[in-house]
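*Asks:* Sequence plus the predicted model coming up.
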Amino acid sequence: DLDRTLTDTGSWGHFIRFWLRHEAPWRVLLLPVVAVGGLAYGLRLLSRGGLKSWSHRWLIGGRVAEAQLQAAVADFADGFVAAHALAPARAAIAADVAAGRRVVIASASHGFYVRAIAERLGIADVVATEAVRGGGWLFSRLDGANCYGAAKRAALEAWLKAEGLDAAVLHFTSDHHSDLPCFELAVERGGRVLCANPSAKLAALATTRGWPVAEWGRIR
């Protein structure tokens, strides 16, 4: 996992603020429209993925030139990793790499910037929520499911199959109880799990199931 596992905060809100500050300051006027989407989500009229697309549509844009986006993402990732990556998490990544393991970030956050963050952490492989792309544009619509909960497990299983790793042992680390399907997948595949900076619900699950817990830093 990425947010609050490898970092001390979530990344999506930080990226939105970065984009508004550096690329489209006028879009701050559309925050009330985004709040309507938040209300719809609270009333269960909009899914988590639908809210992500809605926020993207109004605060980033219905479509953005990939060249502009990637330039902004590079600057964002430089600052975000420098300010928010947890040192013990980086040490754990380095230890896995030294042990010959293939490290993958599996995140519900958008792949268009998670890949840049992963690169700065020395990680090549990413499974994340994807946006529709085409003709040099990135659109606000999701390309497939929001990579969260059971959908993250399904995306990981699909990635493992595509990489020819059907029989590989899988270890999994996360901070959040929504990743229970991925924790269970790792256990099923003979791997280890680690509850890093766990949410209250995940800490309770860890106690019940005897899973190890690590505190990698103060979470904002």
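*Replies:* In hand now; what should we look at? Owing to the predicted nature of the structure, the values given are computational and were not obtained by experimental measurement.

*Asks:* CA only for contacts and neighbour counts going forward, please
*Replies:* OK.

*Asks:* which SS class is residue 133?
*Replies:* strand (DSSP: H, G, I helix; E, B strand; the rest coil).

*Asks:* Enumerate the beta-bridge partners assigned to it.
*Replies:* On the basis of DSSP bridges, residue 133 is bridged to residue 138.

*Asks:* confidence score at it?
*Replies:* Looking at residue 133, its pLDDT is 98.

*Asks:* Go ahead and confirm it touches residue 140.
*Replies:* No. Judged on Cα atoms under 8 Å, residue 133 makes no contact with residue 140 at a distance of 9.1 Å.

*Asks:* Show me which of the two is the more surrounded one.
*Replies:* residue 140 (24 against 17; other Cα atoms under 10 Å).

*Asks:* Does that one belong to a helix, a strand or coil?
*Replies:* Once three-state DSSP is applied, residue 140 turns out strand.

*Asks:* got the contact list for it?
*Replies:* 53, 54, 56, 57, 61, 62, 63, 131, 132 (Cα atoms under 8 Å, 6 or more residues apart in numbering).

*Asks:* and residue 85, how many neighbours?
*Replies:* Residues near residue 85, counting by other Cα under 10 Å: 22.

*Asks:* same deal with residue 163?
*Replies:* With other Cα under 10 Å as criterion, residue 163 counts 9.

*Asks:* how near is it to residue 205?
*Replies:* Residue 163 sits 31 Å away from residue 205, taking Cα to Cα, to the nearest Å as the criterion.

*Asks:* cool, residue 154 as well?
*Replies:* In terms of Cα to Cα, residue 154 sits 21 Å off from residue 205.

*Asks:* what's the answer for residue 180, then?
*Replies:* Residue 180 is 9 Å from residue 205, by Cα to Cα.

*Asks:* what residues are up against the nearest residue to residue 123 once chain neighbours are set aside?
*Replies:* Among residues not flanking residue 123 along the chain, residue 103 sits closest, at 6.3 Å (Cα to Cα, 6 or more residues apart in numbering). Shown in contact with residue 103 (Cα under 8 Å, 6+ apart): 93, 96, 97, 123, 124, 125.

*Asks:* which residues in this structure form helices?
*Replies:* 12-22, 31-42, 48-59, 66-84, 87-98, 111-120, 150-162, 180-188, 200-209 (DSSP state H).

*Asks:* I'd like to know which of these is closest to residue 5.
*Replies:* In terms of Cα to Cα, the element of the helices of the chain nearest to residue 5 is helix 87-98, at 7.4 Å.

*Asks:* For that closest one, which outside residues touch it?
*Replies:* Counting by Cα under 8 Å, 6+ apart, 5, 6, 7, 102, 103, 121, 216, 217 sit against helix 87-98.

*Asks:* ok, residue 201 - contacts?
*Replies:* Residue 201 neighbours (Cα under 8 Å, 6+ apart): 176, 177.
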